[in-house]
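S.K.: Sequence first, predicted coordinates after that:
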Amino acid sequence: MPGGRLTQQERQQIALGLADGLPYAEIARRIDRPTSTVTREVMRNGGPTAYRADLAHRATERRAHRRRQATPQGAEAPAQAHGRDAEAVREYEEVFTTVLMQSGVPKMMSRVLVCLYTTDAGSLTASELVQRLRVSPASISKAITFLESQSLVRRERDERRRERYIVDDELWYQAMLASARSNAQLVETARQGVGILGPDTPAAARLENIARFLDFVSESITRAAEQAREVLYTNAETSADHGAGPAARTGDGAGRRDWQEDADQVR
């Protein structure tokens, strides 16, 4: 299986495979590359519906040129913890950022969030984020304000009184509840419109349908978030307290069966 960067011909084959609706694994098999390579290539260059081989090739050349300019001659990339491949980590961060952007998160906010989630400590200071992302403190401040408003990060003071920005499992639960609360506001507003436009009019009927849909979705989100929190986090802590027995090894078949049994009990 070849290594190194993708060639322009390989990118053209990827584009043809996407146009034919082939899965990433099949495209990778045809060009004799790992599936992860094809996935990263597509996701950091517009996604499956917007991928262009020529644009992807030029974008890769520009990124390589910027890295060469940013790295002093003779300098080595900082060592990665746990023996990680620095290039693979960098490429993964690009893919993760692209996926978040496609879900609606602005670019800088996506970069900050990815930086926090791929840090083992799960927390960084503003100066550490500035250094890692090579952006201005103002950009970090703006991104953190946005992410905090969406319940995707939280702030804490460390022992040196420095403000740290933190991501953890609890934040996704809070983000889901914030989404449900946002939907509830839309429901209330839509139903106000029903009264103003008249309950027997087509416009009012349309707003009532919106309200019913969002009301159902909000309840489902809240219920699912609470179930997931109890099953994934509470039971994980209980398993850790009792040692690494069969139930704690969630990577094996026994762990998966225990997870499903816990989920059934919660439901």
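M.R.: Looks like it arrived, so ask away. What you see is a predicted model; the values in this text were computed from it and never measured.

S.K.: just checking, what packs against the helix or strand where residue 225 lies?
M.R.: Per DSSP states H and E: residue 225 is located in helix 202-228. Where contact means 3 or more Cβ pairs under 8 Å, 6 or more residues apart in numbering; DSSP states H and E, helix 202-228 is packed against helix 169-197. For the C-beta atoms, the positions are set from N, CA and C on the backbone; glycine is no exception.

S.K.: and the helix it packs on with helix 202-228, angle?
M.R.: 160 degrees (axes from the mean of the first three to the mean of the last three Cα atoms, to 10 degrees).

S.K.: Packing partners of helix 169-197?
M.R.: helix 202-228.

S.K.: Check the burial of residue 51 by counting its neighbours.
M.R.: 20 (other Cβ atoms under 10 Å).

S.K.: give me every residue that touches it.
M.R.: 14-15, 18, 42, 45 (Cβ atoms under 8 Å, 6 or more residues apart in numbering).

S.K.: For residue 95, see how far away it is.
M.R.: 13 Å (Cβ to Cβ, to the nearest Å).

S.K.: can you give me the strands for this structure?
M.R.: 123-125, 154-157, 163-166 (DSSP state E).

S.K.: Could I get these in a markdown table, plus columns for mean pLDDT?
M.R.: A markdown table is the format used below for the strands of the chain (pLDDT from 0 to 100):
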| stretch | mean pLDDT |
| --- | --- |
| strand 123-125 | 93 |
| strand 154-157 | 90 |
| strand 163-166 | 93 |
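
S.K.: Those strands: which one's closest to residue 222?
M.R.: strand 154-157 (20.1 Å; Cβ to Cβ).

S.K.: quick one, domains of the protein?
M.R.: The chain is divided into the following domains under automatic domain parsing: 1-76, 81-167, 169-266.

S.K.: Least reliable of the ones you listed by average pLDDT, please.
M.R.: Of all the domains of the chain, domain 169-266 carries the lowest average pLDDT, namely a mean of 76.
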